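Q: just a sequence and a predicted model for now, questions to come.
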Amino acid sequence: MRILLIEDDTVLGAAVRDQIAGDRQSVDWVTRLDTAADALYGASYDLVLLDLMLPDGRGIPFLKALRARGDVTPVIILTALDQITDRIAGLNAGADDYMIKPFDLAELSARIGSVARRYAGNPNPIITHGPLAVDLAARSVHRDGRPVQLTAREWALFETFLQRPGQLLSKAQLEDKLYTFGSEVESNTIEAHVSRLRKKLGSDVIETVRGLGYRLGAA
């Protein structure tokens, strides 16, 4: 999952970034709304974490503009504004969740997972796919009852397929989900990750559609 963090507090921002990275997710961190707008136009995100008080404006108008143009990317507000009127304004503007600072980082991880599962159409954190039992909340995989160790990018890639069953994903789309801005991506990176996933999870877990991309194999 690729996440856009919009937060100008450098201490909190670094802590949230590290928490997300530790959860084996990809994160781009910006400190201004204009930079955030550029990021959203230039990449496809699975979730936005939005502070409401930024150096160049307020988060609520930014969120309203996002929704007005039809962008349905999930948004969790992270803010020190704790009045009930602030919460109502945030949710009415189109936020999916509202967290008040200071917050526990583990709770943030749980809420990110919960929102992501709702948008993927499966609120249950446990998914069964053939011989695989996948715990989306714990980010763990068991094959025939035995745990399978995945690297951060292997997990991110596999999760992308699980969230889009049957959907054909191009190499460029997969690279966009796995890598933050400025990352160098080698030409065979996706192929290498897919190959390792097949070795760990089963040869038919991911199908190749020659010249077009990849999709999750039949269960």
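A: That came through, no problem. Numbers count the residues shown, from 1 in each chain.
Q: only C-alpha atoms for contact and neighbour calcs from this point on.
A: OK.
Q: any weak-confidence spans in the protein?
A: Along the chain, the model assigns pLDDT under 70 to residues 120-125, 180-186.
Q: ranges for the strands of it?
A: Taking DSSP state E as the test, the strands found in the chain are 2-6, 26-30, 47-50, 53-54, 57-58, 75-79, 97-100, 126-129, 132-135, 140-143, 146-148, 206-209, 213-216.
Q: to residue 14, which of the ones you listed lies closest?
A: strand 26-30 (8.6 Å; Cα to Cα).
Q: what's that closest one packed up against?
A: If contacts are counted by 3 or more Cα pairs under 8 Å, 6 or more residues apart in numbering; DSSP states H and E, strand 26-30 sits against strand 2-6, helix 10-22.
Q: give me the sheet partners of that strand and which way each runs.
A: Strand 26-30 has the following sheet partners, assigned by DSSP bridges: strand 2-6 (parallel).
Q: got the angle for the partner strand vs helix 10-22?
A: For strand 2-6 against helix 10-22, the angle by axes from the mean of the first three to the mean of the last three Cα atoms, to 10 degrees is 170 degrees.
Q: contacting residues around the closest residue to residue 171 other than its chain neighbours?
A: Sequence neighbours aside, residue 213 is the residue nearest to residue 171 in space, at 5.7 Å (criterion: Cα to Cα, 6 or more residues apart in numbering). Applying Cα atoms under 8 Å, 6 or more residues apart in numbering to residue 213 gives the contacts 168, 169, 170, 171.
Q: 10 Å - rerun?
A: Taking Cα atoms under 10 Å, 6 or more residues apart in numbering, we find residue 213 in contact with 167, 168, 169, 170, 171, 172, 173, 174, 207.
Q: may I have the beta-bridge partners of the third one?
A: Spelled out, that is residue 169. Those that pair with residue 169 in a beta bridge, by DSSP bridges, are residue 214.
Q: contacting residues around the longest helix seen in the chain?
A: Within the chain, and with DSSP state H defining each element, the longest helix by residue count is helix 105-119. If you take Cα under 10 Å, 6+ apart as the criterion, helix 105-119 is touched by 1, 3, 15-16, 18-20, 22-23, 46-49, 72-76, 78, 96-99, 120, 122-125, 136-139, 163.
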